[in-house]
Every structure is written in structure tokens, then in C-alpha cells.
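**Student:** please find the sequence and the predicted model below.
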Amino acid sequence: MLSANFSLNELIKSDAAVRLDINNVPSSQVIDNLQDLVTNILQPLRDKFGPIVVTSGYRSQALNKAIGGSTTSDHCLGYAADFEASIDNRELAIYIRDNMSFTQLISEFYDGRPDSGWVHCSYNSLDLKGQVLTARKVNGRTQYLNGIS
């Protein structure tokens, strides 16, 4: 267990890795990074809002490439997770922006419906720059805008 409510398996589980037979076992350094992410972001959110569903946590380089992830993804270092809670995803992102320290926060593909999109948040204690973005699809391509819109 990484905390009272989050297991390592929850942060490394990947249906794509299983389907594609890709090893998604992290190094001890990545596990330490996941521990920091859980301690500073996920568990506090769980304590505040109830269950947090992690839809994507750690991704090995091979898995990240196979799913078309960014070559500089914080997921590959154990710094990031994509997740949802029992509240509106935009409101969740705003809460994180206003109340937590983080490296990067992205409100991804929220379209106004409470259950649309998800929140991406990364935590690297050596780089708490607090970057806030919104990801949207424009003409079939992902576009990143500053702030939460």
C-alpha cells in the first residue's frame, strides 16, 4: 500500500499493457515518486472528496509509446496520474489549483457535463511550478490552453 486508500497495483494497472503484453513494473525510484504523488495529491483528495478513481498512473516507456503518449510524459517517471472523483471534474481541477502544490494540472476534455473528461495532475517535489492547462480537441487534434476554461 502507498497510503491508507491507494495500492501500488492501482497506480500501475493498465489494460493496454496486459493486452499488448508490455511490462509495466516500475523501478524503486518510480515507486518513490508514486508514493510522493499519493501522499501529496491523491490521498488528500480522497480524504476530502471520497473515492478517487485512477484511470492512468505509471506508464513504462514502452507502454507510453504504444498508447501514443507524450515522449516527455510525467506518467513515465511516476509523477502523474489521471483520475476522477465523485464531484464535477472541472470543480476538482479548480480545487487542486486553489489548494494544493503540484507540478502540472490539466483539465482534460471537460465539455460541461459533470462526468466528462478527467483530471491529470503531476507532483515532482523538485519542480512544483504549478502549471495549469486545459486540454481540448480542436479539429481532431489536442490543443492545450493556459488556465482552466
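**Tutor:** Good, I have the coordinates. Numbers count the residues shown, from 1 in each chain.
**Student:** can we go C-alpha only for contacts and neighbour counts from here?
**Tutor:** Fine.
**Student:** and the spatially most central residue of the chain, backbone torsions?
**Tutor:** The chain has residue 81 as the residue nearest its centroid, 2.0 Å off, counting by C-alpha atoms, centre = their mean. Phi and psi for residue 81, reported as degrees, to the nearest 10, are phi -140, psi 150.
**Student:** now it: closest residue in space, sequence neighbours ignored.
**Tutor:** Excluding its sequence neighbours, the residue lying closest to residue 81 (C-alpha to C-alpha, 6 or more residues apart in numbering) is residue 57, at 4.3 Å.
**Student:** need the distance between the two termini of stretch 62-72.
**Tutor:** 13 Å (C-alpha to C-alpha, to the nearest Å).
**Student:** in that stretch, what counts as buried?
**Tutor:** The neighbour-count check on stretch 62-72 (16 or more other C-alpha atoms under 10 Å) flags 63-64 as buried.
**Student:** and stretch 77-90, by the same measure?
**Tutor:** Applying 16+ other C-alpha under 10 Å to stretch 77-90 flags 77-85, 88-90 as buried.
**Student:** just the CA atoms of that stretch, as CSV, please.
**Tutor:** The C-alpha trace of stretch 77-90 is given here as CSV (Å, rounded to 0.1, in the frame of the first residue of the first chain):
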residue,chain,number,x,y,z
LEU,A,77,8.5,8.8,-14.1
GLY,A,78,5.7,8.0,-11.7
TYR,A,79,5.0,11.7,-11.2
ALA,A,80,1.5,11.8,-12.7
ALA,A,81,-1.9,10.3,-12.6
ASP,A,82,-5.2,10.8,-14.5
PHE,A,83,-8.2,10.5,-12.2
GLU,A,84,-11.8,11.3,-11.4
ALA,A,85,-13.7,11.8,-8.1
SER,A,86,-17.4,11.9,-7.2
ILE,A,87,-17.5,15.6,-8.0
ASP,A,88,-17.5,17.6,-11.3
ASN,A,89,-14.1,17.1,-12.9
ARG,A,90,-13.8,20.9,-13.5
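**Student:** nothing else from me, thank you.
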